[in-house]
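Participant: I need the structure of the sequence given here:
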Amino acid sequence: NFAVVFLTKTKTMIRKRNWLLLVVLLCFTTSLSAQYEIKVEIENSKDSCLLLGHYYLDKTYAIDTAWSNKGKFVFKKKDKKLEPGIYFFSNLKGRFCELMIDTEQKMSLKTVENDWVGKMKVKGSKTSALYFDYMQANEPLNREYERLSKAKDAMTKPEYDSCLRSVQLRGDSLKNSFIERNPQHLLSKVLLATKAVQVPEMPILQGEDGKPDSTEWANRRWYWYKQHFFDNIDLGCSGLLRTPSAVFFRSYDYFWNEVMKYESVDTILVYAEQIIDKAKGSKAMNRFLIHNITERYLQSPVMGHDKVYVEMVKRYIKTGKADWLSPSSIESEVLRAEKWENILIGKTVPNLACPDENNVWHDLYSMNNKYKILIFWSADCGHCSTEVPKIYDFYKQYKEKYNLEVMAVNTESDTLHWHKFIADKDLQWVNVNGLVANFDWREYFDVVKTPVVFILDDKNKIIAKNIQGDNIAKIMELLDEGKLKF
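Facilitator: So this is what the prediction gives:
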């Protein structure tokens, strides 16, 4: 019985050891398959070394160096896999040749010194081979463009336009043919991404007065354009991140900076969610979008758009969807968003109370005015020294018209300089010393730099903030007329 038990245990141990060995071998094999090796051979090359690099958004990065061995160069890493995208090798003089990387990580490129692209032969990568086939087929069209450009002055405009249009049509035919034959190829994604969406023809409807309503027509076209902006951009394709900026990033950036510029926070968040959902199939693109949109609105100069940042943190970072962030980074973002949420437009501020120069206490809620301006400033701050006098000039001119009062809170310990500044500028509004207060206003209002300006209504609700002195008169006019809402 002992022998049977011993043999049984021994067999079990052997099986476990074999499984462990299999797991180790699989991991080792996976590690080997993750390496890249790009061999470049250039006949008659005079270069001592080549650099390997890639695009990312609107920048380029050099990632490897290969030294010449009689015109042969090898880029190789044992433990690094190249992400999909458009890469390039270049010499030290800036001459470069692009290639395309997808899943195939080992390849050989062979060409001649006087024509890197035109004479390129590829082995080991169907992705790059098809890419160079397309580039070589496109080369006659590039030469035709150059010839037309040089001959333009000697041609009539109709003649030039006709020739140019002919070349463009042949180029479009070449693109469309490649896309049709290779719909999943990274180059097809690239070619489509550079194609702007075309707004379809829409009838101009009549308004209530029976006349054509061109405004309604323009609004419908604009709405369609926003909805279909990314139709030609496959957001599930991470390879687009590593392409020249004209392919993806320039359009992407334009969407947020211009198309979304005057949209409401709710609209921006709807589009942000739609765009991120389209990238679910790509971990790299999903990560980029969540990070970029969050950071974009963390730094947005547009008043009220900080709410987008707060909501992005609540929806994607606080919920754990940004799983690439460290616990400390997540905690930092969540704490900042929670702090910012207290001071969003529409929020009611707590009743701040501080003493003035004569140690007489003033509190915000006792100021029974239609509008209140709450300023945190320092007499030692260079920006404050120009902004505060501008705001005071506005206050003197419009305090009666708008039934307006100001609480200006000193933020620094140099009270002598504070007293002198008030006297020199004759600031006759409610000046209080924030060094003594009924709560930690610096923490609550996130005062990390000065000046910080809030406009409040009679119920102490924030209705505008971070206003420049040159703009405050116009902002107040629009607020008072009900034309500025967030």
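Participant: Could you list the low-pLDDT ranges of this protein?
Facilitator: 1-34, 486 (pLDDT under 70).
Participant: residue boundaries of the helices in it?
Facilitator: Under the criterion DSSP state H, helices of the chain are mapped to 2-33, 126-151, 157-181, 186-193, 214-227, 249-254, 265-278, 283-298, 306-312, 327-341, 382-402, 415-425, 441-444, 472-480.
Participant: for those, which one sits closest to residue 450?
Facilitator: Across these, residue 450 has its closest neighbour in helix 382-402 (5.4 Å, Cβ to Cβ). Backbone N, C-alpha and C define where each C-beta goes, glycine included.
Participant: Tell me how far residue 215 lies from residue 60.
Facilitator: Using Cβ to Cβ, to the nearest Å, residue 215 is found at 44 Å from residue 60.
Participant: Comparing the two, which shows the higher neighbour count?
Facilitator: Applying other Cβ atoms under 10 Å to residue 215 and residue 60 shows that residue 60 carries more neighbours, namely 15 against 9.
Participant: quick one: contacts for the more buried one?
Facilitator: 53, 54, 88 (Cβ atoms under 8 Å, 6 or more residues apart in numbering).
Participant: let's see it at 6 Å
Facilitator: residue 53 (Cβ atoms under 6 Å, 6 or more residues apart in numbering).
Participant: what about it, distance to residue 285?
Facilitator: Here residue 60 is placed at a distance of 19 Å from residue 285 (Cβ to Cβ).
Participant: cool, and residue 316?
Facilitator: 14 Å.
Participant: For burial, what's the neighbour tally of residue 185?
Facilitator: For residue 185, using other Cβ under 10 Å, the count is 20.
Participant: Chain neighbours aside, what residue packs nearest to it?
Facilitator: In space, and not counting its chain neighbours, residue 185 is closest to residue 130: 6.1 Å by Cβ to Cβ, 6 or more residues apart in numbering.
Participant: ok, now residue 225?
Facilitator: residue 199 (5.5 Å).
Participant: State the phi and psi torsions of that neighbour.
Facilitator: Here is the backbone geometry of residue 199 (degrees, to the nearest 10): phi -70, psi 130.
Participant: Report the contact partners of residue 72.
Facilitator: Residue 72 neighbours (Cβ under 6 Å, 6+ apart): residue 41.
Participant: roughly how far apart are the residue positioned nearest the centre of the chain and residue 336?
Facilitator: Centroid-nearest residue in the chain: residue 292, 3.8 Å away (criterion: Cα atoms, centre = their mean). Per Cβ to Cβ, residue 292 is found 17 Å from residue 336.
Participant: go on, residue 318?
Facilitator: Taken as Cβ to Cβ, the span from residue 318 to residue 336 is 11 Å.
Participant: can you check residue 133 too?
Facilitator: 50 Å.
Participant: for residue 481, same thing?
Facilitator: With Cβ to Cβ as the criterion, residue 481 and residue 336 are 34 Å apart.
Participant: Residue 355: what's it in contact with?
Facilitator: By Cβ under 6 Å, 6+ apart, the neighbours of residue 355 are 361, 433, 436.
Participant: And residue 269, by the same measure?
Facilitator: residue 311.
Participant: what does residue 346 give?
Facilitator: No contacts exist for residue 346 under Cβ under 6 Å, 6+ apart.
Participant: Kindly report the same for residue 54.
Facilitator: Contacts here follow Cβ under 6 Å, 6+ apart; on that basis residue 54 touches 61, 85, 87, 242.
Participant: one more time with 7 Å
Facilitator: Going by Cβ atoms under 7 Å, 6 or more residues apart in numbering, residue 54 touches 61, 63, 85, 87, 242.
Participant: Drop anything exposed from these.
Facilitator: Buried members of the contacts of residue 54, counted by 16 or more other Cβ atoms under 10 Å: 85, 87, 242.
Participant: Next up, phi/psi of the residue nearest to residue 231 when sequence neighbours are not counted, please.
Facilitator: Once flanking residues are discounted, residue 231 sits nearest to residue 197: 5.2 Å by Cβ to Cβ, 6+ apart. Backbone torsions of residue 197, given as degrees, to the nearest 10, read phi -70, psi 140.
Participant: thought residue 197 was touching residue 233?
Facilitator: No - the criterion here is Cβ atoms under 7 Å, and residue 197 misses it with residue 233 at 9.3 Å.
Participant: how much space between residue 103 and residue 82?
Facilitator: Relative to residue 82, and taking Cβ to Cβ, residue 103 is found at 10 Å.
Participant: Counting neighbours around each, name which of those two comes out higher.
Facilitator: Neighbours were tallied for residue 103 and for residue 82 using other Cβ under 10 Å; the higher tally belongs to residue 82 (22 against 11).
Participant: For that one, which residues are in contact?
Facilitator: 36, 101, 105.
Participant: neighbours around the nearest residue to residue 233 once chain neighbours are set aside, how many?
Facilitator: Spatially, and ignoring its direct neighbours in sequence, residue 233 is nearest to residue 193 (4.8 Å; Cβ to Cβ, 6+ apart). Neighbourhood size, residue 193 [other Cβ under 10 Å]: 20.
Participant: heads up, I number from 46, so please use that
Facilitator: Done: numbering now begins at 46, and the last item shifts to residue 238.
Participant: Residue 238 against residue 285, yeah?
Facilitator: Yes - Residue 238 is within contact range of residue 285, at 6.0 Å (criterion: Cβ under 7 Å).
Participant: overlap in contacts of those two?
Facilitator: With Cβ under 7 Å, 6+ apart as the test, residue 238 and residue 285 both reach 278, 292, 293.
Participant: Most neighbours out of the residues you listed, which is it?
Facilitator: Most surrounded of these: other Cβ under 10 Å gives residue 293, at 26 neighbours.
Participant: From residue 300, how far out is that residue?
Facilitator: 11 Å.
Participant: What of residue 306?
Facilitator: Counting by Cβ to Cβ, the gap from residue 306 to residue 300 is 10 Å.
Participant: same check, this time on residue 283
Facilitator: Taken as Cβ to Cβ, the span from residue 283 to residue 300 is 18 Å.
Participant: repeat for residue 374
Facilitator: 26 Å.
Participant: before we move on, the earlier item: just name the closest of the contacts of residue 400 to residue 351, please.
Facilitator: Taking Cβ to Cβ as the measure, residue 351 lies nearest residue 478 of the contacts of residue 400, at 28.2 Å.
Participant: list the contacts for the closest one?
Facilitator: Residue 478 makes contact with 399, 400, 455, 460, according to Cβ under 7 Å, 6+ apart.
Participant: For the spatially closest residue to the last one that is not a sequence neighbour, which residues count as its bridge partners?
Facilitator: The spatial neighbour of residue 460 that comes closest, neighbours along the chain excluded (Cβ to Cβ, 6+ apart), is residue 478 at 6.4 Å. Note on residue 478: beta-bridge partners by DSSP bridges are residue 455.
Participant: top of the contacts of residue 478 by neighbour count?
Facilitator: Top of the contacts of residue 478 by neighbour count (other Cβ under 10 Å): residue 455, with 26 neighbours.
Participant: Next up, the contacts around residue 290.
Facilitator: Taking Cβ under 7 Å, 6+ apart, one finds 102, 103 in contact with residue 290.
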